[in-house]
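Novice: Make a model of this:
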Amino acid sequence: MQATVGDRLLMHGNIVGERDRSGEIIEVRGPGGAPPYVVRFEDGHTGLIFPGPDAIVVPAQRKP
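Specialist: Numbers count the residues shown, from 1 in each chain. Next comes the predicted model:
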């Protein structure tokens, strides 16, 4: 998994009834875009995340 600052992290709920969570990656702490990531979630919570197999990185729209 590779990411850059500004990408979004989408984590699918892995328990029945649990909703998906998404947030903006505001810091990449691993080498070459690898995890862990500091993510600011939609509710304002910020956390250090080591994404599991239920997470995907959605690239930010880059301006040319």
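
Novice: CA only for contacts and neighbour counts going forward, please
Specialist: Fine.

Novice: residue contacts, Arg29?
Specialist: By C-alpha atoms under 8 Å, 6 or more residues apart in numbering, the contact list for Arg29 reads 35-38.

Novice: Centroid-nearest residue for this protein?
Specialist: Leu9 (2.4 Å; C-alpha atoms, centre = their mean).

Novice: how near is that one to Ser22?
Specialist: 5 Å (C-alpha to C-alpha, to the nearest Å).

Novice: Of all the residues in the strand ranked longest in the chain, which ones are buried?
Specialist: As assigned by DSSP state E, the longest strand anywhere in the chain is strand 21-28. Neighbour-count burial for strand 21-28, with 16 or more other C-alpha atoms under 10 Å as criterion, is recorded at 22-28.

Novice: In its sheet, which strands sit next to it, and in what direction?
Specialist: strand 8-11 (antiparallel), strand 37-41 (antiparallel) (DSSP bridges).

Novice: C-alpha coordinates for the last one, PDB please?
Specialist: It refers to strand 37-41. This file holds the C-alpha atoms of strand 37-41, laid out as PDB (Å, rounded to 0.1, in the frame of the first residue of the first chain):
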ATOM      1  CA  TYR A  37      -0.400   7.100   8.200                       C
ATOM      2  CA  VAL A  38      -1.700   9.900  10.300                       C
ATOM      3  CA  VAL A  39      -5.400  10.300   9.200                       C
ATOM      4  CA  ARG A  40      -7.900  13.000  10.000                       C
ATOM      5  CA  PHE A  41     -11.400  11.400   9.900                       C
END
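
Novice: ok now it, how far from the chain's centre?
Specialist: A distance of 6 Å separates the centroid of the chain from that of strand 37-41, by C-alpha atoms, centre = their mean, to the nearest Å.

Novice: Show me what the mean pLDDT comes to for it.
Specialist: Across strand 37-41, pLDDT averages out at 97.
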